[in-house]
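K.L.:
With the sequence up front, the predicted model follows.
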Amino acid sequence: MALPVAFFALFFAYPVVAIVGRGLKADGDWQFGRIGTVLSRPDILDVLWFTTWQALASTALTLLIALPGAYVFARFDFPGKQLLRAVVTVPFVLPTVVVGTAFLALLGRGGFLDGLWGVRLDTTVWAILLAHVFFNYAVVVRTVGGLWSQLDPRQEEAARVLGAGRFAAWRRVTLPALAPAVAAAALMVFLFTFTSFGVVQILGGPAYSTLEVEIYRQTAQLLDLPTAAVLTLVQFAAVAGILAVHAWTVRRRETALRLVDPAQTARPPRGAGQRALLGGVLLTVLLLIVVPLGVLVERSLDTSGGYGFGFYRALQSADASGSTFLVPPLDAIGNSLRYALVATLIALAIGGLAAAALTIPHSRLRSSGRYLHAGRLVRGFDALLMLPLGVSAVTVGFGFLITLDKPPLDLRTSWILVPLAQALVGVPFVVRTMLPVLRAVDDRLREAAAVLGASPLRAWREVDLPLVRRAVLVAAGFAFAVSLGEFGATVFIARPDNPTLPVAVARLLGRSGELNYGQAMALSTILMLTCAVSLLVLERIRTDRSGEF
């Protein structure tokens, strides 16, 4: 645990505490009265209210639309299932700024629906809600569907034999077993929508602002650090509460059920009802996921002179972007790939050690009197690893600039700042992917290797590594994809001459003109295709036990 704790203390806790302290301190004294002053402001209360109710609405809508998909992926076996699983996961690893761009191309002024039927939904809450469902659909499908596929269907069949109707059997047998997974998925969706930044910033316009957007506005535009610090504390408290409940639901899911091999539960759809359900889910995926991504590609090719690759060619020149960049926007692709690769290596090192530490009480401490204490410590450590997913990335990025500015950690001009910020987001995915697989390794195998004279390092290399190799590859793929798309912190620390893809997209969208808009669509398409290819590769190597994601 030592290295992961030191990493999070230095590159997460220290920057966040420093920027909050700078906002709440005056003449060396803490000014906690500012909390009440800020939270009593009508404009801040409006932000808190909108943040909460749009997150609740987004969560409910996502569950309503995605639960049928979770059932189809869990219980049905059909051609193209792996490809479809990768397709529905693409939005989740896309940067939120690209998600906003896709829906802007679909719902905004001059967008697909505007040109077809004269319908515009940008700057409305419906655009935000639909984009959140698009982004979080895979969270429900993978979290709930992963457990659903391992529930023994014979339990529900036994209830049917005893006279229960189809709905009654599902309500009394399957739903209680699924409840922890549904709750965990709902909490994760609520977390991601509660802290939404890029989607709301692009689609909401000035009328709508979440806590994350308001923190960015108060920090970067108004330089009002006291207000930003109070909002960061509010968001931190909310996220800590959500993660505590999420950890409890995950423990229930891991310990309360007897699970079976998913290969035994998936069958081809039978009957008109099941085929209709499969068709409905395929139609939902087409309209909700494929159409926005397809419109993104279409807009990247739609130039004033007709369809072609003019916007892609313009990415090769810095002058074509109207001095938005010091370098050609195409350089952002190479920058992003290099940063994401380094961030993936850091996330694997930190996340792998953390996952290994989290398995120790389950195998080596149970017989000792310290097991209960160690269990509490490890659960707290597990929650710490998830915090970067919910704490303001804007705060972390700005915190980097004001804390890592003195020797021996004067990193303000160093390229390593970007991978460090991206790795913070990648570590939770590595842990959640590797942890179930590591816990499934029989500890007696390690003990046998030790009895035969193997050192701990050799036992890990010859026992653990062959068993978890696929999970490591899957974890690396997810860490790479989410690092590639990190935006909230990177927008503060990426240098103008080394922009990343998400930062480049945001800069292009911030300038008027057809060329800038088209280049933003072209870069978003490149990023989307890169993520899609990564996920297709992951689906080829993933196993059904390779974690939640």
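P.N.:
Cool, the structure landed.
K.L.:
From now on I want contacts and neighbour counts done on CA atoms only, so please keep to that.
P.N.:
Will do.
K.L.:
so residue 200 sits right up against residue 128, yeah?
P.N.:
Yes: with contact defined as Cα atoms under 8 Å, residue 200 counts as touching residue 128 (6.3 Å).
K.L.:
Please say which of those two ends up with more neighbours.
P.N.:
Using other Cα atoms under 10 Å as the criterion, residue 200 and residue 128 rank with residue 200 on top: 29 against 26.
K.L.:
mind listing what residue 307 touches?
P.N.:
residue 301 (Cα atoms under 8 Å, 6 or more residues apart in numbering).
K.L.:
Okay, it and residue 301: tell me how far apart.
P.N.:
Look at residue 307 and residue 301: by Cα to Cα, to the nearest Å, they are 5 Å apart.
K.L.:
Residue 102 now?
P.N.:
Residue 102 sits 14 Å away from residue 301, going by Cα to Cα.
K.L.:
Tell me which of these two has more neighbours.
P.N.:
Neighbours were counted for residue 102 and for residue 301 using other Cα under 10 Å; residue 102 has more, 27 against 20.
K.L.:
check which helix or strand covers that one.
P.N.:
helix 96-107 (DSSP states H and E).
K.L.:
Mark out where each domain of the protein begins and ends.
P.N.:
Domain assignment of the chain by automatic domain parsing yields the ranges 1-15+308-549, 32-293.
K.L.:
Can you check the distance spanned by the last one, start to finish?
P.N.:
Put plainly, it is domain 32-293. End-to-end distance of domain 32-293 (Cα to Cα): 46 Å.
K.L.:
Which parts of the chain are strands?
P.N.:
Using DSSP state E, the strands of the chain run over 25-26, 29-30, 302-303, 306-307, 405-406, 409-410.
K.L.:
hang on, isn't residue 351 packed against residue 4?
P.N.:
Yes: at 7.4 Å, residue 351 counts as touching residue 4 under the criterion of Cα under 8 Å.
K.L.:
Settle it for me: which of the two has more neighbours?
P.N.:
Neighbours per residue (other Cα under 10 Å) separate residue 351 from residue 4, with residue 351 holding more: 30 against 21.
K.L.:
low pLDDT regions in the protein?
P.N.:
27-28, 249-264, 318-326, 360-380, 390, 539-549 (pLDDT under 70).
K.L.:
what about 50?
P.N.:
Scanning the chain for pLDDT under 50 picks out the ranges 256, 361-363, 544-548.
K.L.:
so what's residue 12 up against?
P.N.:
Here residue 12 is in contact with 388, 396, 424 (Cα under 8 Å, 6+ apart).
K.L.:
so can I have a markdown table of those showing neighbour count and distance to residue 53?
P.N.:
Listed next are the contacts of residue 12 as a markdown table, based on neighbours: other Cα atoms under 10 Å; distance: Cα to Cα, whole Å:
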| residue | neighbour count | distance to residue 53 |
| --- | --- | --- |
| 388 | 23 | 22 |
| 396 | 26 | 25 |
| 424 | 29 | 28 |
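K.L.:
Among these, which ones are in helices?
P.N.:
If you go by DSSP state H, those have 396, 424 in helices.
K.L.:
possible to save the contacts of residue 12 as a markdown table with distance to residue 312?
P.N.:
As requested, these are exported to a markdown table (distance: Cα to Cα, whole Å):
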| residue | distance to residue 312 |
| --- | --- |
| 388 | 34 |
| 396 | 33 |
| 424 | 32 |
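K.L.:
wait, which of the contacts of residue 12 is closest to residue 213?
P.N.:
Proximity of the contacts of residue 12 to residue 213 (Cα to Cα) peaks at residue 396, which lies at 13.9 Å.
K.L.:
thought the closest one was touching residue 491?
P.N.:
No: the pair residue 396 and residue 491 fails to qualify as a contact (Cα under 8 Å) at a distance of 11.0 Å.
K.L.:
rewinding a little: output the helix holding residue 102 as CSV, restricted to C-alpha atoms.
P.N.:
Presented in CSV, the C-alpha positions along helix 96-107 are these (Å, rounded to 0.1, in the frame of the first residue of the first chain):
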residue,chain,number,x,y,z
THR,A,96,-17.0,14.3,-22.2
VAL,A,97,-16.1,17.1,-24.5
VAL,A,98,-16.3,14.7,-27.5
VAL,A,99,-19.7,13.4,-26.2
GLY,A,100,-20.9,17.0,-26.1
THR,A,101,-19.5,17.6,-29.6
ALA,A,102,-21.4,14.5,-30.9
PHE,A,103,-24.7,15.7,-29.5
LEU,A,104,-24.0,19.2,-30.7
ALA,A,105,-23.6,17.9,-34.2
LEU,A,106,-26.9,15.9,-33.7
LEU,A,107,-29.1,18.4,-31.8
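K.L.:
Now do it: everything it contacts.
P.N.:
91, 111-114, 119-122, 127, 131, 135, 197-200, 202-203, 292-293, 295-296, 299, 485, 487, 502, 505-506, 521, 524.
K.L.:
Buried ones only from these, please, as a PyMOL command.
P.N.:
Restricted to buried positions by 16 or more other Cα atoms under 10 Å, the PyMOL selection for the contacts of helix 96-107 reads:
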select buried, resi 91+111+112+113+114+119+120+121+122+127+131+135+197+198+199+200+202+203+292+293+295+296+299+485+487+502+505+506+521+524
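K.L.:
I'd like to know which of the contacts of helix 96-107 are part of helices.
P.N.:
Per DSSP H, the contacts of helix 96-107 map to helices at 91, 112-114, 127, 131, 135, 198-200, 202-203, 292-293, 295-296, 299, 485, 502, 505-506, 521, 524.
K.L.:
Okay, residue 60 and residue 437: tell me how far apart.
P.N.:
31 Å.
K.L.:
Which one of those two is surrounded by more residues?
P.N.:
Neighbours per residue (other Cα under 10 Å) separate residue 60 from residue 437, with residue 437 holding more: 23 against 16.
K.L.:
pretty sure that one contacts residue 471?
P.N.:
Yes: in this structure, residue 437 is within contact of residue 471 by Cα under 8 Å, at 7.1 Å.
K.L.:
rewinding a little: minimum distance to residue 21: which of the domains of the chain has it?
P.N.:
Across the domains of the chain, residue 21 has its closest neighbour in domain 32-293 (7.6 Å, Cα to Cα).
K.L.:
Any idea how many residues pack against residue 514?
P.N.:
For residue 514, the neighbour count with other Cα under 10 Å is 12.
K.L.:
Please apply the same query to residue 234.
P.N.:
With other Cα under 10 Å as criterion, residue 234 counts 17.
K.L.:
swap in residue 137?
P.N.:
29.
K.L.:
and it, how far is that from residue 495?
P.N.:
In terms of Cα to Cα, residue 137 sits 33 Å off from residue 495.
K.L.:
just residue 275 next, same as before
P.N.:
As judged by Cα to Cα, residue 275 and residue 495 stand 52 Å apart.
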